[in-house]
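Chemist: Build me a model:
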Amino acid sequence: MLKLDWNLLFTIINILLLLILVKVFLVKPIKNIIAQRQAEADEEKKKNAEEKAELDELKKDYDEKLKEIETLKYEKLQEVRLASEKEYNDIIDDANKKAKRITEDAETMAKVERERMLDKAQKEITGMIIDAASKVVASSSESDQNQDSRLYDRFIEKAGDEK
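Modeler: As a prediction, the model looks like this:
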């Protein structure tokens, strides 16, 4: 059987004291350190979550601004394209107007030159006919003169038709 004596009682008291001391000096500080580290970890998680939310917001703002810039770039390119097309069309229209004016001027000059040459030719022909007619008149009689006049009129009509 088991005997209760003082040694056993002191051993139990020593064990209890040892347990109390271990709990007070070892377990409690370890629990405090673990709780403190858990609080630090929770605080770090909270900070990370806040920073992540802030970064997500910044990324969202960045994406929106990037879209705005792309839209603005597209609009500016369209404006430049339209302006260049308008300028191109203006240049083409101006060139066409100048070409038309040059063509009209050339046609007018050609008509004037043609008229001048026809007048000159008609004057020369008239002069030659008058010279020929005066030679013929000088050598022929009155009836020949009527015939010459008719020949002259027919010649002028034919020359006028050729114009």
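
Chemist: Now Lys31: which helix or strand?
Modeler: helix 28-139 (DSSP states H and E).

Chemist: Any idea how far that helix is from the middle of the chain?
Modeler: Here helix 28-139 is found 7 Å from its chain centre; the criterion is Cα atoms, centre = their mean, to the nearest Å.

Chemist: tell me which strands and helices it is in contact with?
Modeler: helix 142-162 (3 or more Cβ pairs under 8 Å, 6 or more residues apart in numbering; DSSP states H and E). For glycine as for every other residue, the C-beta is placed from the backbone atoms N, C-alpha and C.

Chemist: and the helix it packs on, average pLDDT?
Modeler: When pLDDT is averaged over helix 142-162, the result is 71.

Chemist: And stretch 28-35, by the same measure?
Modeler: Per-residue pLDDT values across stretch 28-35 average out to 94.

Chemist: Return the set of buried residues in that stretch.
Modeler: Across stretch 28-35, burial judged by 16 or more other Cβ atoms under 10 Å covers no residue at all.

Chemist: who's in contact with it?
Modeler: Around stretch 28-35, nothing counts as a contact under Cβ atoms under 8 Å, 6 or more residues apart in numbering.

Chemist: swap in stretch 93-110?
Modeler: Outside stretch 93-110, not a single residue reaches it (Cβ under 8 Å, 6+ apart).

Chemist: Could you write out the alpha-carbon coordinates of it in CSV?
Modeler: Extracted in CSV, the C-alpha atoms of stretch 93-110 (Å, rounded to 0.1, in the frame of the first residue of the first chain):
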residue,chain,number,x,y,z
ASP,A,93,-9.4,72.1,-105.8
ASP,A,94,-6.9,74.9,-106.1
ALA,A,95,-4.8,73.0,-108.6
ASN,A,96,-7.9,72.1,-110.6
LYS,A,97,-9.0,75.7,-110.7
LYS,A,98,-5.5,76.8,-111.8
ALA,A,99,-5.5,74.1,-114.5
LYS,A,100,-8.9,75.1,-115.7
ARG,A,101,-7.9,78.8,-115.8
ILE,A,102,-4.7,78.0,-117.7
THR,A,103,-6.7,75.8,-120.1
GLU,A,104,-9.3,78.6,-120.6
ASP,A,105,-6.5,81.2,-121.1
ALA,A,106,-4.8,78.9,-123.6
GLU,A,107,-8.1,78.4,-125.5
THR,A,108,-8.8,82.1,-125.5
MET,A,109,-5.2,82.8,-126.7
ALA,A,110,-5.6,80.1,-129.4
